[in-house]
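**Student:** Sequence and predicted structure are below.
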Amino acid sequence: MNDWPEHALAAASHADPYPYYRELARQGWIRDERLGLWLAASAAAAQAVLASPACRVRPPGELVPAALAGLRLGDTFGRWLRMSESPWHQPLRAAVGAAFAAMPLATVQACAHQLAAAFLADRAVTGKRLDALADYLPAATLAALLGWPEPAWGSVAAQVAALARALAADADAGARASGEAACRDLLARLASLPASGWLADWRQAFAELGDASLYANLAGMLFQSCDAGAGLISAGIAWRCGAPWDGNDDAEWSRRLQADPVLHHTRRFVAEEVELAGQRLLAGDVVLVLLAAAAQDPAGPGEAMDFGRGRHGCPGERLARAIAKGALAALEAVRPDWEALAGSIRFRHLPNARIRRFGAGEVR
Ligand code: HEM
């Protein structure tokens, strides 16, 4: 018990949070007074919260974080599929789904492989270089697929990282100012891209929703790919450090993600009194949906929950996996020192995602 994470927000970066998660899953619902949160830990509780229209992705009175009010970043955030609820959510989800479906997965994987191979050919494959690859590749691959020419890939990835820093819970005024500048520039660059190829598919999918929604959701796609995508790539690399595994096998990804998830929880804000999986929740309650615990619930279906479920479940799962597959294939070809990399693994201190770093202890 002493080795358990201090609380649910510390579990994603803990060396072995899984006995703790299994115990929480057994309990189902837990009220954590110190965090001021409900924990939905069993598969039944997690599924019920994700399916309930009473449980919203944003606090009902604060659809855009107060600190972003009046900013272009705030307006963009408020238009994201991820932050939307009925009646806007459903048409947005259909449009994003259609745009994603228009892009063949083989093209995504080949593009990611090519970008990763070029990135790794550039200099020695150190732990820091792998961390940089995981941070760069998801947004850079999507940027390339949208039609940006090569010199732009790195700067798009950097702008998306600036958005992520500005939206973090501990962002200060400086991070918000940098995020605002990155957001304005990114939207302007998206609007000036020639609307051919995949971007033409996006335009068509968003024809009814308008340009502001289109560009905001393109930026939203890039943002969503960033941290979670880095987590997926670094998990695949960490598992390879242990022993060779078939990164092209989707069932194997699912099995491994169930046992060792990347995305550990998401939040919901209760808009009206509701009873879910035997627990009464009141308007104003905040629920941490413990995807990582639910995936390991012995009473559940024993399936990975990394990509969420239900109304807001991840529409980018297959794209994210294709990017990670491309990264792993490119890395395999350069034959890194897997054993040395295995010994250097640390976790980023993020509350909700388990993202490995391989170069944290390196001097350079
Ligand atoms: C190419 C990379 C990715 C893209 C473009 C993408 C896109 C998205 C989008 C647009 C949503 C919002 C869906 C909605 O609200 O209806 C979403 C949700 C989600 N994504 Fe992804 N995603 C990517 C990678 C990942 C990865 C790698 C993971 C996990 C390791 C992940 C986990 C999730 C989860 C758990 C949700 C649901 C969050 C919730 O219900 O609160 N995504 N994603």
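**Tutor:** In hand now; what should we look at? Numbers count the residues shown, from 1 in each chain.

**Student:** burial count for the residue of the stretch 1-150 of the chain found nearest the ligand?
**Tutor:** Going by Cβ to the nearest ligand atom, the ligand is nearest to residue 82 of the stretch 1-150 of the chain, at 3.7 Å. C-beta coordinates here come from the backbone N, C-alpha and C atoms, glycine included. Residues contacting residue 82 under the criterion other Cβ atoms under 10 Å number 20.

**Student:** What helix or strand is residue 268 located in?
**Tutor:** Here residue 268 sits within strand 266-270, counting by DSSP states H and E.

**Student:** Looking at the protein, what residue ends up closest to the ligand?
**Tutor:** For the chain, Cβ to the nearest ligand atom, closest residue to the ligand: residue 316, 2.4 Å.

**Student:** coming back round to it: which parts of the helix or strand just after the strand holding residue 268 are buried?
**Tutor:** Along the chain past strand 266-270, the next helix or strand (assigned with DSSP H and E) turns out to be strand 274-276. Neighbour-count burial for strand 274-276, counted by 16 or more other Cβ atoms under 10 Å, picks out 274, 276.

**Student:** list the helices and strands the helix or strand of the chain with the lowest mean pLDDT packs on?
**Tutor:** Lowest by mean pLDDT, DSSP states H and E among the helices and strands of the chain is helix 338-343, with a mean of 93. Here helix 338-343 touches helix 211-242, going by 3 or more Cβ pairs under 8 Å, 6 or more residues apart in numbering; DSSP states H and E.

**Student:** The ligand contacts on the chain?
**Tutor:** Within reach of the ligand by Cβ under 6 Å from any ligand atom, the chain has these residues: 57, 81-82, 93, 96, 138, 220-221, 224-225, 228-229, 231-232, 262-263, 266, 306-308, 312-316, 319-320, 323.

**Student:** Provide a list of residue ranges in the chain with pLDDT below threshold.
**Tutor:** Under the criterion pLDDT under 70, the flagged ranges of the chain are 1-2, 363-364.

**Student:** can you give me the helices for it?
**Tutor:** Using DSSP state H, the helices of the chain run over 18-27, 43-51, 72-79, 89-101, 105-121, 127-146, 151-167, 173-191, 197-205, 211-242, 250-259, 291-294, 317-333, 338-343.

**Student:** Just say which of those helices is most tucked in.
**Tutor:** Greatest average neighbour count among the helices of the chain goes to helix 291-294 (a mean of 30), per mean count of other Cβ atoms under 10 Å.

**Student:** Dump the C-alpha coordinates for it into CSV.
**Tutor:** This file holds the C-alpha atoms of helix 291-294, laid out as CSV (Å, rounded to 0.1, in the frame of the first residue of the first chain):
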residue,chain,number,x,y,z
LEU,A,291,-10.1,4.8,-18.0
ALA,A,292,-6.9,3.0,-16.8
ALA,A,293,-8.7,1.4,-13.9
ALA,A,294,-11.8,0.5,-15.9
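
**Student:** Can you name the residues in contact with it?
**Tutor:** 11-12, 17-18, 21-22, 24-25, 39-43, 45-47, 261, 263-266, 300, 305-306, 308, 354 (Cβ atoms under 8 Å, 6 or more residues apart in numbering).

**Student:** distance of the residue nearest to residue 58 when sequence neighbours are not counted from residue 111?
**Tutor:** Leaving aside its chain neighbours, residue 58 sits nearest to residue 83 (5.7 Å; criterion: Cβ to Cβ, 6 or more residues apart in numbering). The gap separating residue 83 from residue 111 is 28 Å, by Cβ to Cβ, to the nearest Å.

**Student:** do residue 21 as well
**Tutor:** Look at residue 21 and residue 111: by Cβ to Cβ, they are 35 Å apart.

**Student:** returning to what we had before: list of residues touching the least confident helix or strand of the chain?
**Tutor:** By Cβ under 8 Å, 6+ apart, helix 338-343 touches 127, 130, 237-238, 240-242, 358.

**Student:** how about a cut-off of 7 Å?
**Tutor:** Contacts to helix 338-343, defined as Cβ atoms under 7 Å, 6 or more residues apart in numbering, come from residues 127, 240-242, 358.

**Student:** so which two of those residues are the farthest from each other?
**Tutor:** Distance extremes for those: the farthest pair is 127 and 242 at 15.8 Å, using Cβ to Cβ.

**Student:** Surely residue 234 is in contact with residue 134?
**Tutor:** Yes - if you go by Cβ atoms under 7 Å, residue 234 and residue 134 touch, sitting 4.8 Å apart.

**Student:** show me the contacts for the spatially most central residue of the chain.
**Tutor:** When the chain is reduced to its mean C-alpha position, the closest residue under Cα atoms, centre = their mean turns out to be residue 228, at 3.0 Å. Listed by Cβ under 7 Å, 6+ apart, the contact set of residue 228 reads 262-263, 320, 353.

**Student:** ok, these vs residue 200, which is closest?
**Tutor:** Set against residue 200, the nearest of these by Cβ to Cβ is residue 320 (22.7 Å).

**Student:** contacting residues around that closest one?
**Tutor:** 225, 228-229, 232.

**Student:** how near is it to residue 47?
**Tutor:** 22 Å.

**Student:** same deal with residue 269?
**Tutor:** For residue 269, the distance to residue 47 equals 18 Å [Cβ to Cβ].

**Student:** Leaving out sequence neighbours, find the closest residue to residue 361.
**Tutor:** Among residues not flanking residue 361 along the chain, residue 344 sits closest, at 5.6 Å (Cβ to Cβ, 6+ apart).

**Student:** Tell me how many other residues surround the one you found.
**Tutor:** Neighbours around residue 344, by other Cβ under 10 Å: 18.

**Student:** check contacts around it.
**Tutor:** Counting by Cβ under 7 Å, 6+ apart, residue 344 touches 127, 358-359, 361.

**Student:** From those residues, keep the buried residues only.
**Tutor:** Those of these that meet the buried threshold are 127, 358-359, by 16+ other Cβ under 10 Å.
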